[in-house]
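Asker: starting from these lines, generate the structure:
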Amino acid sequence: MNRFTILLPLFTVMAYVPAANAYTTSLTVIASANAAYGSQSYDADSNVVNSIDGPSADSVNAFYKVPNNGEPGSLSEIYRSSASGFVSPGVLKASASASATAYAANVASGSSKVSFADNFKLVGPSGRNIDLTLTYLVSGALSGTAAASGTVQLSTGDRISFTENGYTPRSFSCSWIASCTGVATFSVPVNTLISLDAFLEVGAGASSYFKPTITESSANFGNTGLVYLGIADSRYQLQSGSGFSYAPVPLPAAFWTFAAGLCAFGFSNLRKRVIG
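Answerer: Below you'll find the model as predicted:
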């Protein structure tokens, strides 16, 4: 038997195995709008995207309308929902919305979950551990029946998580720390490959059963979910598998000059008004 024929499938499989330092991104978006779940009175859309060494992004929508049999040409119920997401190393964005017209007895819902996996080393003089500041910056908003949650996890066991919904405000939890606000400093080993995994998940639902007005819900986290890594010891450099620096982008010096000038101008006008 030809040995090349046997080895060819093996080579094909090996060609699709990602490099050890590759990063991955993933998202799942789901939208549904229904007047009778499981029957033809139902609309839904969903998608799953998985990428290696590249960002992932997608959006879906669902729309279902129920004709009013008593008034031809009019509608008695309308359900809408949508979900979207974007993810790349250090950046997670997710949004979902849902609405149902007055007295609409069933449910519209949307959900989005985005995640990425990367790895990094703190490269420098040989030693044991140094302090690493991990930040999970979250700045989204909820309305109606909606919820959001997320986690940043290191292979060292260090973690930052948050949850919030329409009944409870946003709260963070951090490994080994009694309370935190999305920023925590952990002791991690140097010159050692450390994996970094993060996700952000949001959902929204709407039903107007026995309600005389439209019901709307949203989870808008489309500009949030930023992950930063900071090192106070200048002898060490962070090297990530993705090449992303995970460092906060400072505002340019021109911005601060402009801001200072604006404040001075405002103070000058205020002083003139007070004196006058």
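
Asker: quick check: mean pLDDT across the helix or strand hosting Ser59?
Answerer: Assigned by DSSP states H and E, Ser59 belongs to strand 56-67. Mean per-residue pLDDT for strand 56-67: 88.

Asker: show me what counts as buried in that strand.
Answerer: 56-62, 64-66 (16 or more other Cβ atoms under 10 Å). Using the backbone N, CA and C atoms, a C-beta is placed for each residue, glycine as well.

Asker: longest strand of this structure?
Answerer: strand 108-123 (DSSP state E).

Asker: tell me the contacts of Leu92?
Answerer: 86, 114-116, 150, 198-200, 224-227 (Cβ atoms under 8 Å, 6 or more residues apart in numbering).

Asker: and those residues, which is closest to Phe186?
Answerer: Val227 (13.8 Å; Cβ to Cβ).

Asker: which residues pair with that closest one across the strands?
Answerer: With beta bridges defined as DSSP bridges, Val227 has these partners: Tyr136.

Asker: and if you look at Ser143?
Answerer: Judged by DSSP bridges, the bridge partners of Ser143 are Ser218.

Asker: that one reaches Ser218, doesn't it?
Answerer: Yes - at 5.1 Å, Ser143 counts as touching Ser218 under the criterion of Cβ atoms under 8 Å.

Asker: what about the two, which has more around it?
Answerer: Ser218 (22 against 13; other Cβ atoms under 10 Å).

Asker: can you report how many residues neighbour the residue nearest to Val183 when sequence neighbours are not counted?
Answerer: Nearest-residue entry for Val183: Thr135, 4.9 Å, with adjacent residues in sequence omitted and distances by Cβ to Cβ, 6 or more residues apart in numbering. Look at Thr135: counted by other Cβ under 10 Å, it has 18 neighbours.

Asker: where do the strands sit along the stretch 101-250 of the chain?
Answerer: Remark: strands assigned in the stretch 101-250 of the chain by DSSP state E, counting those that start in this stretch are 108-123, 129-137, 141-143, 145-154, 159-165, 171-174, 183-189, 194-206, 215-221, 226-231, 237-240.
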